[in-house]
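Participant: Provided below for reference: sequence and predicted model.
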Amino acid sequence: MEHLSEVLKILDGALAHDSRKAVDYANLLAEKLDGDGQARQARAVRTALSKRPVRSFSAAGLRSLPIDDTSQAETIDIMDPVEADERDLVLAALAQEQLDDFLDSVAAFDRWDAEGIAVPNRLLIVGPPGTGKTSLARAIARRVRLPLATTRSDALVSSLLGQTSRNIREVFDFAQAHPCVLFLDEFDALAKMRADSREVGELQRVVIALLQNIDALPESTILIAATNHPELLDRAVWRRFGHQIRLELPRPADRRRLWVHFLGDKFTLESHEVDQLVGVSEGMSPAAIQAAASDMVRSAIRSGMGELTLPLALRRLARTLWDDYAVFDDPATEMRTLRTWQPKVFTVRVLAEMFDVSTRQVTNATREVTPDA
Ligand SMILES: Nc1ncnc2c1ncn2[C@@H]1O[C@H](COP(=O)(O)OP(=O)(O)OP(=O)(O)O)[C@@H](O)[C@H]1O
Ligand SMILES: [Mg+2]
């Protein structure tokens, strides 16, 4: 039966006298039926619902989020990721394949579950900072048309002994009661407790709480966890995620797509110039490339030239790549450093124009550098 998981949750809600849960999942069922082109069935569900008006769960309308007792901070954050789109993400071929696999598996969950071969809808996203873990979770939530409930790791890890486990339970209870994608962002924050935990047993309790809650969560509920530090995760936790996506720092072909994507249509560079950016941006994350590209575009606008040139782009990029501020404090040092770095781009003439000085001044400043190639 299609959509069995929604039907079971409606039943759950009804039997537990939790009308809100029943209504939320009935709304979700109607939406899914609509999505499948089953308009008549969707209408029948909505007609049944309209007989008993209960305010439905929505990202904007929800008030009773779980909170940490000590800090009084909400432990999750709800958003409707309407803008997120996985097509805006540049993913390596393997990551794209893993994503497609996960989405297919979620879509086919009920069918496969009926045959006893479903993989629970649990995804672990692993990758260095700025590679798109959070963006991907949002894009997935948008694809499955559910709000994203993201845990706030700062609030989740309570200073009060025992409270962290309770916070975890409340977050999972919430995800059971409302249709949403539960997203444990910066998942390793829980594991990092190890370092500063005042009591050794506390971490064990937290891991056990996590395992129990994951196990108790219906397999059809989508659970996503993201971490920069997979090595900190307990193996037992890791094993519970049947799906994984590994995001890596982008390789040259993907860096090229990122530069082209983030520079946009207005401030383009020639193809061989983009190659130069690709060459020098090894080790940069997509987020860092995005920040550098917008910095280049802003700088091109400020320059009033109406276009982005390669020297300007590389000069801005140098500021991202080298965090030695002394270089940029003094024009002569900056000229010399740029010239040593990319002598073919930063010729004497280019530098003179860029720094608004005479070619003689450039020659003096860069004397010890080899002449133009
Ligand atoms: N693979 C990607 N393709 C395109 N843009 C990306 C990609 N990864 C990150 N970005 C851009 O960088 C920004 C930050 O990415 P995001 O917050 O998703 O990374 P993250 O992996 O969650 O980082 P962190 O580990 O710091 O939480 C995003 O808003 C997005 O615009
Ligand atoms: Mg993130």
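Facilitator: Now that the structure is in, tell me what you want to look at. Ligands and ions are numbered 1, 2, ... in the order given.
Participant: Residue 213 against residue 172, yeah?
Facilitator: Yes: if you go by C-beta atoms under 8 Å, residue 213 and residue 172 touch, sitting 4.0 Å apart. In short, each C-beta sits where N, CA and C put it, glycine included.
Participant: can you give me the mean pLDDT across the strand or helix carrying residue 289?
Facilitator: Element membership of residue 289, judged by DSSP states H and E, is helix 286-303. Mean pLDDT, computed over helix 286-303, is 94.
Participant: what does stretch 350-362 give?
Facilitator: Averaging pLDDT along stretch 350-362 yields 94.
Participant: okay, how far is it across that stretch, tip to tip?
Facilitator: One end of stretch 350-362 sits 10 Å from the other (C-alpha to C-alpha, to the nearest Å).
Participant: next one: stretch 100-113
Facilitator: 19 Å.
Participant: So for that stretch, what gets flagged as buried?
Facilitator: 102, 103, 105, 106, 109, 110, 113 (16 or more other C-beta atoms under 10 Å).
Participant: More neighbours: which of residue 213 and residue 172?
Facilitator: residue 172 (23 against 20; other C-beta atoms under 10 Å).
Participant: any idea which helix or strand carries that one?
Facilitator: Using DSSP H and E, the element containing residue 172 is helix 163-177.
Participant: After that helix, which helix or strand is next?
Facilitator: By DSSP H and E, the next helix or strand past helix 163-177 is strand 181-184.
Participant: Could you list every helix and strand that that following strand packs against?
Facilitator: Under the contact criterion of 3 or more C-beta pairs under 8 Å, 6 or more residues apart in numbering; DSSP states H and E, strand 181-184 touches helix 133-143, strand 148-151, helix 163-177, strand 223-227.
Participant: which stretch among these comes nearest ligand 2?
Facilitator: helix 133-143 (3.3 Å; C-beta to the ion).
Participant: Beyond the helix holding residue 289, next helix or strand please.
Facilitator: Per DSSP H and E, the first helix or strand lying C-terminal to helix 286-303 is helix 310-321.
Participant: what residues does that next one touch?
Facilitator: 269-270, 273, 276-277, 280-281, 284, 288, 291-292, 295-296, 299-300, 303, 305, 327-328, 337-338, 341-342, 345-346, 350, 354 (C-beta atoms under 8 Å, 6 or more residues apart in numbering).
Participant: Residue 95: what's it in contact with?
Facilitator: By C-beta under 8 Å, 6+ apart, residue 95 lies in contact with 245, 246, 247, 248.
Participant: List the residues that contact the last one.
Facilitator: The reference is to residue 248. Contacts of residue 248 were listed using C-beta under 8 Å, 6+ apart, and they are 92, 95, 127, 128, 131.
Participant: Would you mind checking those for buried ones?
Facilitator: Buried subset of these (neighbour count, 16+ other C-beta under 10 Å): 92, 95, 127, 131.
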